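*Asks:* quick one, structure for this:
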Amino acid sequence: MQPIDMKSPEFLAEMEKTEVFVEKVDKQFGFVQNPNEDVNEGVIMGLARNKIIYGKRFCPCFMVIGETKEERKEADNRICPCKPALEKEIPEDGLCHCGIFCTPEYAKEQRAKDETEEVAHQHSKGLSKKQAEALLKQEQLDADELEALLEARELGMISFTLVDVREHMEYQMGHIVGTDILVPTSMFYAKVEDINDKKRHPVIVYCHTGSRSFQVQHAMKSLGFEQISNLQYGIVSYNGATQRG
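*Replies:* I've put the predicted structure just below:
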């Protein structure tokens with residue numbers, strides 16, 4: 001499966017259609033978009049990409065299961081706006097799993113929280129070699145822990161491979177500084193061969209919100225990778241350095 005050109009007329013047109021689709025969903029259900037524009041842009045791009053490839057706006061925060069239409073229907077892949085979001089996630093949490101659809105109350109609270117964290121946020125740097133090695137063995141990492149591990153790697157205390165498992169266009173839009181390789185979930189079994197030499201070494205995977213990378217984490221374990229950690233809440237939770245391109 002070839003990466004989609006984000007500047008192509010086809011993709012740009014589908015992006016516009018998807019933006020209209022999102023606005024209609026907001027109006028229909030009384031939702032608002034996430035205060036974090038990067039979250040909205042990433043989800044809209046993923047929805048547009050899935051629409052072009054599969055003909056449906058499958059949720060971009062989960063792997064699309066199935067090679068054929070029949071297999072994808074049988075797998076019950078999430079189609080936006082998905083039932084779990086409408087029936088459980090938004091009523092209970094204030095936002096859908098991907099984060100684009102929010103209640104007005106959640107969005108207001110999140111804006112206030114973001115403003116506070118922008119001033120007060122601190123992350124756990126200054127790990128010792130022993131602490132870094134112990135942290136690297138955890139299966140689920142939060143954003144502060146990953147940032148601390150990246151600093152420890154820069155200082156030569158530990159070694160690991162950081163893998164982005166989102167799609168090419170998401171990577172181009174913005175990825176964590178220090179990412180070593182892109183292994184898109186849509187091409188997982190072909191691209192994971194590029195890091196087969198890392199099976200006995202620590203690997204950390206991440207995606208948009210942590211769902212695809214969680215699935216990839218377990219798939220890699222089944223392929224013989226011995227030490228895989230997952231950025232639990234994805235790049236949307238990460239406050240460290242990111243870059244485009």
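*Asks:* from now on I want contacts and neighbour counts done on CA atoms only, so please keep to that.
*Replies:* Will do.
*Asks:* got the CA coordinates for stretch 206-224 in CSV?
*Replies:* What follows is stretch 206-224, C-alpha atoms only, in CSV (Å, rounded to 0.1, in the frame of the first residue of the first chain):
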residue,chain,number,x,y,z
TYR,A,206,3.6,5.1,19.7
CYS,A,207,0.7,6.3,17.7
HIS,A,208,-2.0,9.0,18.0
THR,A,209,-3.8,8.0,21.2
GLY,A,210,-2.1,4.7,22.1
SER,A,211,-4.6,2.2,20.6
ARG,A,212,-2.9,1.2,17.4
SER,A,213,0.5,1.1,19.1
PHE,A,214,-1.0,-1.2,21.9
GLN,A,215,-2.2,-3.6,19.1
VAL,A,216,1.2,-3.4,17.4
GLN,A,217,2.9,-4.0,20.8
HIS,A,218,1.2,-7.3,21.1
ALA,A,219,1.6,-8.2,17.5
MET,A,220,5.4,-7.6,17.8
LYS,A,221,5.5,-9.8,20.9
SER,A,222,3.9,-12.6,18.9
LEU,A,223,6.7,-12.2,16.3
GLY,A,224,9.4,-12.7,18.9
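*Asks:* shouldn't H97 be in contact with E89?
*Replies:* Yes. H97 is within contact range of E89, at 6.8 Å (criterion: Cα atoms under 8 Å).
*Asks:* can you check the pLDDT for E118?
*Replies:* Note on E118: pLDDT of 54.
*Asks:* follow-up on the earlier one: give me the more crowded residue out of H97 and E89.
*Replies:* A count of neighbours by other Cα atoms under 10 Å puts H97 above the other of H97 and E89, at 20 against 17.
*Asks:* against M45, how distant is that one?
*Replies:* Per Cα to Cα, to the nearest Å, H97 is found 16 Å from M45.
*Asks:* got a list of what the most centrally placed residue in the chain touches?
*Replies:* With distances taken as Cα atoms, centre = their mean, H208 lies nearest the centre of the chain, 1.3 Å away. H208 makes contact with G42, C61, C98, R166, Y233, G234, I235, V236 under the criterion Cα atoms under 8 Å, 6 or more residues apart in numbering.
*Asks:* may I ask which of those residues has the most neighbours?
*Replies:* R166 leads those on contacts (other Cα under 10 Å) with 25 neighbours.
*Asks:* wasn't that residue part of a strand?
*Replies:* No. R166 sits outside any strand when classified using DSSP: H, G, I helix; E, B strand; the rest coil, being coil.
*Asks:* that one and K27, how far apart?
*Replies:* In this view, R166 and K27 are 29 Å apart by Cα to Cα.
*Asks:* surely Y106 meets L95?
*Replies:* Yes. With contact defined as Cα under 8 Å, Y106 counts as touching L95 (7.2 Å).
*Asks:* sec struct for the residue nearest to the centre of the chain, please.
*Replies:* Using three-state DSSP, the structure places H208 in coil.
*Asks:* so which bits of the longest helix seen in the chain are buried?
*Replies:* When the chain is parsed with DSSP state H, its longest helix is helix 9-29. Residues F11, E14, M15, T18, E19, F21, V22, V25, D26 are the ones in helix 9-29 that count as buried (16 or more other Cα atoms under 10 Å).
*Asks:* leaving out sequence neighbours, find the closest residue to the second one.
*Replies:* Of all residues not flanking E14 in the chain, A48 sits nearest, at 5.6 Å (Cα to Cα, 6 or more residues apart in numbering).
*Asks:* hmm, that neighbour is touching M15, no?
*Replies:* Yes. The pair A48 / M15 is scored as a contact, 5.5 Å apart, by Cα under 8 Å.
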